[in-house]
Every structure is written in structure tokens, then in C-alpha cells.
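**Q** The sequence isn't on hand, but the structure is:
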């Protein structure tokens, strides 16, 4: 980056990037204009930067990265990196001109800066011209996918999809480009493709799914979930344009509603830490049948988990671990036979074992009857 010359230009010459991954898929699909983009960026807390600019100016080392291109209005500097900074300055300019996005901007200009001071900032904004978008990809990937200014999960995945689709990279090349491990790169790409497939279902609240994209990404670590969806993570990205096969589309629809819900029904999975238990449910035909045949308002996650046999597995694992721990303790417990704490815990274990024997004996008697 040091070989590029820093220049300055007035705010009127800059344009926000309509292809910015942070704007999301809707912005790219609908082709948002500058006014719509700036309005959306008000949710990115640009006031924080504006206060810094008014108090300290715009530091040259924070120069924005631009492309010289015409978006159709005669202005030539499209901001590829630094859109939030430019949005803060544009918002200050609008407030100074009497048309703030909200009153807080007008108050900010009145309290923090004399108009001449603001004019000085807006007429000499530092920027660097880049030869093309591809030359900025590595920087964006490092800064916003694996670096300190991370994008939201869906935005990261969209950028990874851009590198694979538009740049023709494979998973290893993306890994080297942005410094992320190959497995997360692969799962991000496949999860993003699944998100696009979900968009085909009217009953799916795609914005809710996108806002919780990390759940989708996380779920693909579970083998049972991948099997339920028919997903193969080991496929080449060049061939992986439609990760959910046609004969698994009903499963995709159900998985989406159970995990994310929509504006009419709540999700079945109560929270993200239940993902492994959700995977056990999807791995059980009986549990899946329960979910599908039960009124969505009465579906119970714990009941589905019991039907899957997951609770039985948990009990077995707990007892097995207790057995291993007791075997380990038996090798040296004789050395502490006079210790009051050891004797007390041993008494508790003895009572637990008696209770287990009673419970299991009752079960056997019931079976005989």
C-alpha cells in the first residue's frame, strides 16, 4: 500500500460503493441509489466517526481507497474501503446544509464545529486510487473477514462468495487471500449458497435468516444436519452452485422453519447452544416425524429430543463417565480411608447407587408385569 500516492479531493467527488458487502444481498439485487445507501448506513453508527473528524480532522493515514469510475452522475471516485467514513462526512454536509438525516446530526454540527472548520475538512479528504477492485480484495478480506473491523457473518460469506464466483478462486486461494482457514471458507460459501436457496420459499423470512447467518454456518459442522440437507462439503466450489439437491428441498424448508421460524411461528430450536441436540433430532426419523406431524404451536424441542433417543444417550454417557471416575478413584482411595471428606462423598455415592438399583429394579418389575 505504501507505493500508492495519497491525494485529496472535496466530498462532492466521492460516491458510496453500491457493491459494498455490508449492504447485503437486497441492495445488490435492487441496485440502490446513493441516497438509499446513505440512509441505510445511518444504522452503522457514523456519528462516532463524525465526532472524531470534527475534533481531530481526517488523518491522512485513514485515507479511503477508491476506484476512478463514473456511476452515471459525472463523479468519478467510488469508495471501495472507507464507506463509513465517507457516510459520516456526507451526513455532516447534509446537516450543515439544513437537511440532516436526523436532528442529532444538526445538533452535532452546531455543538462540535464552526462551519468554516467543517468546510476545511470536507474540501480535502485524503484518498488513494486503486487500479481495480481485485487489487483491494486481499485488504478487505484481511480487515473485515479475519481482521479487527469484522463484518457481520452474512457479509463475510457474501465476500467469500464474491471471491469464488467473480474471481474464480478455489477454497485454498481464498484462504491464502484473506488469511482464513480452508474449512471456514468452505462452510461460509456453502452456507451462503443455501441462504440463496432458502430465498425461493415464500414462508421463509429470509431477512431473519440472514441476520442469524451464524446459526446456519454453525449448523453445517454437524454431520446429521448435513445428511438431512444432503449437503456435501467436499465438493469443488466450481460445481457447488446448488448445494441442496432437489430430493432434499422439503428437508431444507423444514430445517429453516425449525431453526429460524418466521413471522407466524417461533423457531423450534430454543438457542444456538442446542445445535448438537438439534442435529441428533434431525438424525432420527421418529423425531423428524414428530416435528412434522405436530401442530407448530405445540411442538416441544425437549419432546423431540426424547423421541430421538438423545436423552437416553446422555444418561448412558453420564453413567459411563461416573463408572470410569470411580474405577480411577478405587486405585488410591485406600490411602485416604480416614479422611472425612472422602468418607462423606463415598456415603453419598453409596446412596446414589442404591437409588439407581431401586429405579432399575422397578423398571424390570414393570416389564415383567
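**A** On my side now, so go ahead. All values reported here derive from a predicted model rather than from experimental measurement.

**Q** Rounded mean pLDDT for the top helix by length along the chain, please.
**A** Looking across the chain with DSSP state H, the single longest helix is helix 340-368. Taken as a whole, helix 340-368 has a mean pLDDT of 77.

**Q** Pull out the buried positions in that helix.
**A** Buried residues in helix 340-368, counting neighbours by 16 or more other C-beta atoms under 10 Å, are found at residue 346. Where you see a C-beta, it was placed from the backbone N, CA and C, and this is true even at glycine.

**Q** distance between that helix and the chain's centre?
**A** Per C-alpha atoms, centre = their mean, to the nearest Å, the displacement of helix 340-368 from the mean C-alpha position of its chain is 46 Å.

**Q** can you check stretch 252-259 too?
**A** Its chain's C-alpha centre and that of stretch 252-259 lie 17 Å apart, by C-alpha atoms, centre = their mean.

**Q** So what touches it?
**A** 194, 197-198, 201, 203-204, 209, 215-216, 219, 225, 228-229, 244, 265, 267-269, 278, 282, 288, 291-292, 296 (C-beta atoms under 8 Å, 6 or more residues apart in numbering).

**Q** Selection in PyMOL covering whichever of the residues you listed are buried, please.
**A** Selecting only the buried entries of the contacts of stretch 252-259 in PyMOL, with 16+ other C-beta under 10 Å as the criterion:
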select buried, resi 194+197+198+204+209+215+216+219+225+228+229+244+267+268+269+278+282+288+291
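
**Q** from the contacts of stretch 252-259, which ones fall inside helices?
**A** Counting by DSSP H, the part of these found in helices is 194, 197-198, 209, 215-216, 219, 225, 228-229, 278, 282, 288, 291-292.

**Q** Shouldn't residue 8 be within a strand?
**A** Yes: assessed with DSSP: H, G, I helix; E, B strand; the rest coil, residue 8 lies in a strand.

**Q** count of neighbours near it?
**A** 12 (other C-beta atoms under 10 Å).

**Q** That one bridge partners, please.
**A** Beta bridges link residue 8 to residue 126 when assigned by DSSP bridges.

**Q** For residue 206, report the pLDDT, please.
**A** The per-residue pLDDT reported for residue 206 equals 90.
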